[in-house]
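[1] Give me a 3D structure for the following:
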Amino acid sequence: MANNNRNTPVPGRPGPGGGGGRNAAIRGGEKPKDIKKTLKKSFSYLGGYKAGLALVMLLAAASSIFKVIGPNLLGKATDVLYTAVENGVVTGQIAIDYTALQEIVFALCGLYLVSFVFSVVQGFTTAQISNNITYRMRKDISEKINRLPIGFFDVTSTGDVLSRITNDVESLSSSLRETLTQLASSLTLIVGTIVMMLSISWQLTLIAFGMIPVSMFIISKIIKISQPLYRKQQKSLGMVNGHVEEMMSAHIVVKAFNMEDKSITDFDVYNQELRENGWRSRVASSSMMPVTNFVSNLGYILVCILGAGMVVQKTLTVGNIQSFISYIRNFNQPIQQIANISTML
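    A predicted model of the protein is given here:
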């Protein structure tokens with residue numbers, strides 16, 4: 001019976017999904033020996049969708065441009081209201097220019113509506129491309145499995161193979177999907193935001209840029225910590241999937257050799273390891289956003305202090321400060337998105 005099932009555990013010898021061996025060493029978190037080749041092979045699946053990718057990039061860039069223009073219009077609306085209040089203090093009567101406000105509101109509504117439509121079309125196109133890529137990956141893996149020698153399955157658990165087909169492909173597909181949607185929009189948003197910030201005040205722009213090296217240093221440290229933890233999590237997930245699949249498929253053999261208690265004990269060990277590795281990896285990755293937000297908030301404080309002095313000196317308007325703070329938020333957001341893309345990749 002044991003000869004008919006290569007993945008069946010026998011007393012005294014742990015099964016492929018439960019005792020390590022060469023497969024466990026492979027899943028144990030080795031980095032790709034050639035990361036550039038690995039990424040090139042992964043992104044080679046995008047080659048058949050050049051037209052769709054071009055459309056996604058174009059829509060993402062256009063949507064980001066509209067987001068850049070929005071804060072500038074909001075600043076103008078603030079200036080209209082501030083000017084009316086300032087004049088009212090002198091004359092004793094507040095006269096708001098509703099015509100100018102109406103034009104700004106209509107322009108904002110038009111911008112955000114077009115940006116929304118572009119985002120919907122972009123999301124639909126990206127989802128279609130990523131689903132097609134997932135289909136091709138699973139098809140290629142299935143064909144590769146049929147070409148593998150029998151010796152491969154002697155050292156690789158069935159659950160581990162299933163984990164590669166399901167969990168790993170899904171992870172790669174979601175990473176590609178988020179990379180496509182965020183990369184073009186993030187780069188466009190960064191460039192456009194820098195231009196608008198410089199047009200308002202180069203002094204405030206320098207303060208905002210001063211926060212970037214601090215954020216990038218923290219992000220690089222977090223990535224170095226979280227990367228090996230994510231690899232350990234994937235290893236533990238493969239071990240759990242392999243053990244469960246083997247125990248279910250070889251249930252009769254487990255009962256025959258009275259191995260139920262050992263099976264339960266092994267599962268508890270693998271499950272505990274998966275919980276610990278998953279918890280550590282999530283804590284490491286989730287700490288990136290709070291830390292970078294803390295650094296960003298320090299930048300907000302400095303901008304508000306210096307900006308208030310410029311408003312008093314009449315070198316900037318209140319609307320300019322409001323717009324600039326919005327641009328800082330827009331500037332930090334794509335940097336955090338690029339950091340998340342790096343972590344996923």
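[2] downstream neighbour of the helix or strand residue 234 falls within in the secondary structure list?
    Residue 234 is located in helix 202-249, with elements delineated by DSSP states H and E. Where DSSP H and E defines the elements, the next helix or strand beyond helix 202-249 is helix 251-256.
[3] before we move on, the earlier item: how far off centre is the helix holding residue 234?
    Helix 202-249 sits 10 Å away from the centroid of its parent chain (Cα atoms, centre = their mean, to the nearest Å).
[4] And it, what does it pack against?
    helix 21-27, helix 158-163, helix 169-200, helix 260-286, helix 288-312, helix 318-344 (3 or more Cβ pairs under 8 Å, 6 or more residues apart in numbering; DSSP states H and E). C-betas here are computed from N, CA, C, even on glycine.
[5] for the first one, what is the average pLDDT?
    Averaging pLDDT along helix 21-27 gives 38.
[6] Quick check: buried residues in the helix or strand following that helix?
    Downstream of helix 21-27, the next assigned helix or strand under DSSP H and E is helix 35-43. Residues of helix 35-43 include none that count as buried (16 or more other Cβ atoms under 10 Å).
[7] What of stretch 274-292?
    In stretch 274-292, counting by 16+ other Cβ under 10 Å, buried: 274, 277-278, 280-281, 284-285, 288, 292.
[8] how about it as PDB, C-alpha atoms only?
    C-alpha atoms of stretch 274-292 as PDB (Å, rounded to 0.1, in the frame of the first residue of the first chain):
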ATOM      1  CA  LEU A 274       2.300  29.400  10.600                       C
ATOM      2  CA  ARG A 275       0.500  31.600  13.200                       C
ATOM      3  CA  GLU A 276       3.800  32.900  14.600                       C
ATOM      4  CA  ASN A 277       5.300  33.600  11.200                       C
ATOM      5  CA  GLY A 278       2.100  35.100   9.900                       C
ATOM      6  CA  TRP A 279       1.800  37.400  12.900                       C
ATOM      7  CA  ARG A 280       5.400  38.500  12.700                       C
ATOM      8  CA  SER A 281       5.300  39.300   9.000                       C
ATOM      9  CA  ARG A 282       2.000  41.200   9.300                       C
ATOM     10  CA  VAL A 283       3.300  43.200  12.300                       C
ATOM     11  CA  ALA A 284       6.500  44.100  10.400                       C
ATOM     12  CA  SER A 285       4.700  45.200   7.200                       C
ATOM     13  CA  SER A 286       1.800  47.000   9.000                       C
ATOM     14  CA  SER A 287       4.300  49.100  10.900                       C
ATOM     15  CA  MET A 288       5.400  50.800   7.700                       C
ATOM     16  CA  MET A 289       2.300  53.000   7.400                       C
ATOM     17  CA  PRO A 290       2.200  54.300  11.000                       C
ATOM     18  CA  VAL A 291       5.900  55.200  11.000                       C
ATOM     19  CA  THR A 292       5.800  57.000   7.600                       C
END
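[9] contacting residues around that stretch?
    For stretch 274-292, the external contacting residues (Cβ atoms under 8 Å, 6 or more residues apart in numbering) are 215, 218-219, 222, 225-226, 229-230, 232-233, 235-237, 239-240, 332, 335-336, 339-340, 343.
[10] Would you enumerate the residues in contact with residue 75?
    Contact analysis of residue 75 by Cβ under 8 Å, 6+ apart lists 317, 319-320, 322-323, 326.
[11] neighbours of residue 315, just the number please.
    Neighbour count for residue 315, taken as other Cβ atoms under 10 Å: 12.
[12] what does residue 69 give?
    Neighbours around residue 69, by other Cβ under 10 Å: 15.
[13] Setting aside sequence neighbours, what's the nearest residue to it?
    Spatial nearest neighbour of residue 69, excluding adjacent residues (Cβ to Cβ, 6 or more residues apart in numbering): residue 111 at 5.9 Å.
[14] does the one you found really touch residue 70, like I thought?
    Yes: between residue 111 and residue 70 there is a contact under Cβ atoms under 8 Å: 5.8 Å.
[15] how about low-confidence regions in the stretch 151-300 of the chain?
    For the stretch 151-300 of the chain, residues meeting the criterion pLDDT under 70 lie at 181.
[16] quick revisit: which of the contacts of residue 75 lies closest to residue 186?
    Residue 186 lies nearest to residue 326 out of these, by Cβ to Cβ, at 16.6 Å.
[17] Can you get me a residue count around that closest one?
    Using other Cβ under 10 Å, residue 326 has 19 neighbouring residues.
[18] what's the answer for the one 4 residues further on, then?
    The tally of other residues near residue 330 (other Cβ under 10 Å) stands at 20.
[19] Excluding chain neighbours, what is closest to it?
    Nearest non-adjacent residue to residue 330, counting by Cβ to Cβ, 6+ apart: residue 193, 4.9 Å away.
[20] The one you found and residue 68 touch, don't they?
    Yes: using Cβ under 8 Å, residue 193 is in contact with residue 68, at 5.9 Å.
[21] quick one, which of those two is more surrounded?
    Higher neighbour count among residue 193 and residue 68: residue 193, with 25 against 21, using other Cβ under 10 Å.
[22] That one and residue 130: what is the separation?
    To residue 130, residue 193 is 27 Å away according to Cβ to Cβ, to the nearest Å.
[23] and if you look at residue 239?
    Distance, residue 239 to residue 130, using Cβ to Cβ: 28 Å.
[24] quick one, which of those two is more surrounded?
    A count of neighbours by other Cβ under 10 Å puts residue 239 above the other of residue 239 and residue 130, at 29 against 23.
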